[in-house]
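Chemist: this one's sequence-less:
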């Protein structure tokens, strides 16, 4: 064990060892492979070599250093137009705060965190300011365990079938470049969901009530069957900066009557608990593009014989 | 509310409304902005318009349809060389399984899930088969709340300072293209961590024992101070396909003496509980590039005056 520092030059031993290893791997092409996670290449082998712990082979701190190339970071000034996260406004409760953890434990004990477990395994960050709908859907499709029946982006790997944002648009949906330029409406979101193997029920706030909103969230957060709620709301109504936003709902906390929003803008806000009444008010705000209030979605996996794609 | 289907053509009303909205936004450049999540652009406003629920304005299912462009998905054949996830081998326990949730609840009650909360907020997927070390570090740096003091990739947004894989390599570390081609050794990982604001203690398995490994994991999973363990292990020793792998540790479950591995290859395996003794055996497997056993890391945030970057 040792603590890393960057105070001395890199060791020639390490460079030599790396070159040797590269040469060795070239000499025997049958076994040559990248070192890490070329996952399909190696099968479990109980004969794998074991090195017994040996205190004498601990590497010294100096072997990891290259200070001549590194400068103290505090000399760098912060970029003038830049932001390091936003403060979550009250009464929203941050997921990892003491109160957030208490809500979490109580909701789990009450069996009202069912969607949280599969969704948290697939939590992702929107890569573009306009991608909140797309990224929310990527997260939900992976959490619903829907097989895309197409290869994900991995070129060198074994061909994982997996969802990422750029795979969602199809000829019967809004195109990717339009999403990048404008974002998605609720209709766009529903169409994208259906085109990629989800069964979706769109609940526009018009025609609904606080009670029907809460009932839908409670039903989804309590159900062991994989069915998730996605909220489409106005951030300003929650005291947050920003406009319209999509994110999945992970759970419901009865004591505080609040919902857990797994916010996909993770560079900005943490996941948070929000009173259901406040979230409902935020779904009533009019989307200036559609001229109507927002709402929410109920999503599950469609049977294969229902699936269509343009 | 309605259920979406793709059986009838898209409504001209919707297209007209979209064109109108686009035209309207062009006419008043002072207020023109993308619809969703241009987050810095809109401040909270209590005067935001509210639409009262009105059952008459519910949109019909036919308005979302465009079946002429969509084909039944089951006609598509699966790509010949492709994989939809791997089965987690026993005795590993999947995070979202009934047993996994019981472990989780007991570990939380025992106060041994401290790292889980901040880490789960930042859970990410490795984009390349060789990126497990890089992606693990991205996840840890964001969870440690370390300010990169540089802008993230967002070009159009307010300049979020945020970590993503491609930001980590520096002139004093392994370059990105080498990571892509070869992956990272434990030394590479430690150097990348230090160059990006972490304080890291590298624990090579040589010179350690099962007891010191367990003690380190227990200390980190119990500590309220942000300090995380990252495991470097051989997948084959866990009965998984693949070679060397990195991932953060989210918690410890005393009853089963197992650790929660937040596996960053999320297209392949879910997060899982693994007996500490088995994970220890998997850290003893020799890395063929370095010629030595693997190990683990203890990571925390470095004070600003300690930070260096090449």
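Modeler: Happy to help now that I have it. It should be emphasised that the depicted structure is a prediction, and the values quoted were computed from it without experimental measurement.
Chemist: any bit of stretch A:176-195 sitting next to chain B?
Modeler: Yes - contact between stretch A:176-195 and chain B, assessed by CB under 8 Å from any CB of the partner chain, occurs at A:181-185, A:187, A:190-191, A:193-195. Heads up, the C-betas are built off the backbone N, CA and C, glycines and all.
Chemist: Report the buried members of these.
Modeler: A:182-185, A:187, A:190-191, A:193-195 (16 or more other CB atoms under 10 Å in any protein chain shown).
Chemist: low-confidence ranges in the stretch 201-310 of chain A?
Modeler: Within the stretch 201-310 of chain A, the ranges that satisfy pLDDT under 70 run A:310.
Chemist: thinking again about what came up before, put together JSON lines for the buried ones among the residues of stretch A:176-195 next to chain B, with pLDDT on each row.
Modeler: Formatted as JSON lines, those follow (pLDDT from 0 to 100):
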{"residue": "A:182", "pLDDT": "94"}
{"residue": "A:183", "pLDDT": "95"}
{"residue": "A:184", "pLDDT": "97"}
{"residue": "A:185", "pLDDT": "97"}
{"residue": "A:187", "pLDDT": "97"}
{"residue": "A:190", "pLDDT": "98"}
{"residue": "A:191", "pLDDT": "97"}
{"residue": "A:193", "pLDDT": "97"}
{"residue": "A:194", "pLDDT": "96"}
{"residue": "A:195", "pLDDT": "95"}
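Chemist: Which of the residues you listed sits closest to residue B:257?
Modeler: residue A:193 (42.0 Å; CB to CB).
Chemist: May I ask you to confirm that that closest one is in contact with residue A:300?
Modeler: No - Residue A:193 lies out of contact with residue A:300 (CB atoms under 8 Å); the separation is 10.1 Å.
Chemist: how about residue A:253, what does it touch?
Modeler: A:103-104, A:106-107, A:112, A:259-260, A:273 (CB atoms under 8 Å, 6 or more residues apart in numbering or on different chains).
Chemist: Go through the residues you listed and flag which are in helices.
Modeler: A:103-104, A:106-107 (DSSP state H).
Chemist: Could I get the full set of helices for chain A?
Modeler: Counting by DSSP H, chain A has helices at residues A:12-27, A:98-109, A:116-121, A:132-143, A:176-182, A:186-195, A:210-222, A:276-284.
Chemist: of all those helices, which lies closest to residue B:255?
Modeler: Among those, helix A:98-109 comes nearest to residue B:255, with 17.4 Å by CB to CB.
Chemist: which residues sit against that closest one?
Modeler: A:93-95, A:113, A:116, A:221, A:251-256, A:258, A:260, A:272-273, B:105, B:108-109, B:117.
Chemist: Can you list the buried residues in it?
Modeler: The neighbour-count check on helix A:98-109 (16+ other CB under 10 Å) flags A:100-101, A:103-104, A:107-108 as buried.
Chemist: could you give the mean pLDDT of it?
Modeler: Mean pLDDT, helix A:98-109: 97.
Chemist: before we move on, back to that, could you export the helices of chain A as CSV, including distance to residue B:135?
Modeler: Putting the helices of chain A into CSV (distance: least, CB to CB, whole Å) gives the following:
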stretch, distance to residue B:135
helix A:12-27, 22
helix A:98-109, 25
helix A:116-121, 15
helix A:132-143, 16
helix A:176-182, 24
helix A:186-195, 26
helix A:210-222, 30
helix A:276-284, 32
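Chemist: residues touching the spatially closest residue to residue A:120 that is not a sequence neighbour, list them.
Modeler: The shortest distance from residue A:120 to any residue other than its chain neighbours is 5.4 Å, reached at residue B:120 (CB to CB, 6 or more residues apart in numbering or on different chains). Residues counted as contacts of residue B:120 (CB under 8 Å, 6+ apart) are A:120, A:123, B:250, B:262.
Chemist: again with residue A:111
Modeler: residue A:222.
Chemist: try the one 4 residues further on
Modeler: Contacts here follow CB under 8 Å, 6+ apart; on that basis residue A:115 touches A:143, A:220-221, A:226-229, A:248-251.
Chemist: now, which of those residues sits nearest residue A:305?
Modeler: Set against residue A:305, the nearest of these by CB to CB is residue A:226 (18.4 Å).
Chemist: Tell me how many other residues surround the closest one.
Modeler: Around residue A:226 there are 18 other residues, counting by other CB atoms under 10 Å in any protein chain shown.
Chemist: Ramachandran coordinates for the closest residue to residue A:83 other than its chain neighbours?
Modeler: Among residues not flanking residue A:83 along the chain, residue B:158 sits closest, at 5.1 Å (CB to CB, 6+ apart). When read as degrees, to the nearest 10, the backbone of residue B:158 gives phi -80, psi 10.
Chemist: Got the confidence number for residue B:158?
Modeler: 82.
Chemist: My read is that it contacts residue A:81, right?
Modeler: Yes - the criterion here is CB under 8 Å, and residue B:158 meets it with residue A:81 at 7.1 Å.
Chemist: Looking at these two, which one has more neighbours?
Modeler: Just comparing residue B:158 and residue A:81: by other CB under 10 Å the higher neighbour count belongs to residue B:158, 18 against 10.
Chemist: Report the contact partners of residue A:126.
Modeler: Applying CB under 8 Å, 6+ apart to residue A:126 gives the contacts A:132, A:134-135, A:264-265, B:37.
Chemist: confidence score at it?
Modeler: We have a pLDDT of 95 for residue A:126.
Chemist: List the contacts of the residue nearest to it when sequence neighbours are not counted.
Modeler: Using CB to CB, 6+ apart and skipping residues adjacent in sequence, the residue nearest residue A:126 is residue A:135, 4.0 Å away. Residues near residue A:135 by CB under 8 Å, 6+ apart: A:124-127, A:165, A:264.
Chemist: just residue A:279 next, same as before
Modeler: A:213, A:231, A:233, A:238, A:259, A:261.
Chemist: correct me, but the first one touches residue A:283?
Modeler: In this case it means residue A:213. Yes - using CB under 8 Å, residue A:213 makes contact with residue A:283 at a distance of 7.2 Å.
Chemist: hey, what's in contact with both of those two?
Modeler: With CB under 8 Å, 6+ apart, residue A:213 and residue A:283 have common neighbours A:205, A:296.
Chemist: Any idea how many residues pack against the residue lying closest to residue A:166 once chain neighbours are set aside?
Modeler: Closest residue in space to residue A:166, ignoring its immediate chain neighbours: residue A:176 at 6.1 Å, by CB to CB, 6+ apart. By the criterion of other CB under 10 Å, residue A:176 has 15 neighbours.
Chemist: What confidence value was assigned to residue A:176?
Modeler: Here, the pLDDT recorded for residue A:176 equals 96.
Chemist: Could you pull up the contacting residues of it?
Modeler: Counting by CB under 8 Å, 6+ apart, residue A:176 touches A:166, A:168-169.
Chemist: I'd like those residues as CSV, with neighbour count appended.
Modeler: What follows is the contacts of residue A:176, written out as CSV (neighbours: other CB atoms under 10 Å in any protein chain shown):
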residue, neighbour count
A:166, 13
A:168, 24
A:169, 22
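Chemist: What's the separation between residue A:297 and residue B:97?
Modeler: From residue A:297 across to residue B:97, the span is 27 Å (CB to CB, to the nearest Å).
Chemist: just the ones in helices among the contacts of residue A:253 now: which is nearest residue A:277?
Modeler: When the ones in helices among the contacts of residue A:253 are compared for distance to residue A:277 (CB to CB), residue A:103 comes out closest, at 15.9 Å.
Chemist: about what we covered before: nearest to residue B:89, of the helices of chain A?
Modeler: Proximity to residue B:89 (CB to CB) singles out helix A:116-121 among the helices of chain A, at 17.9 Å.
Chemist: which parts of the closest one are buried?
Modeler: A:116-121.
Chemist: could you give the mean pLDDT of it?
Modeler: Regarding helix A:116-121, the rounded mean pLDDT is 98.
Chemist: Can you tell me the centre-most residue of chain A?
Modeler: With distances taken as CA atoms, centre = their mean, chain A has residue A:124 as the residue nearest its mean C-alpha position (1.2 Å).
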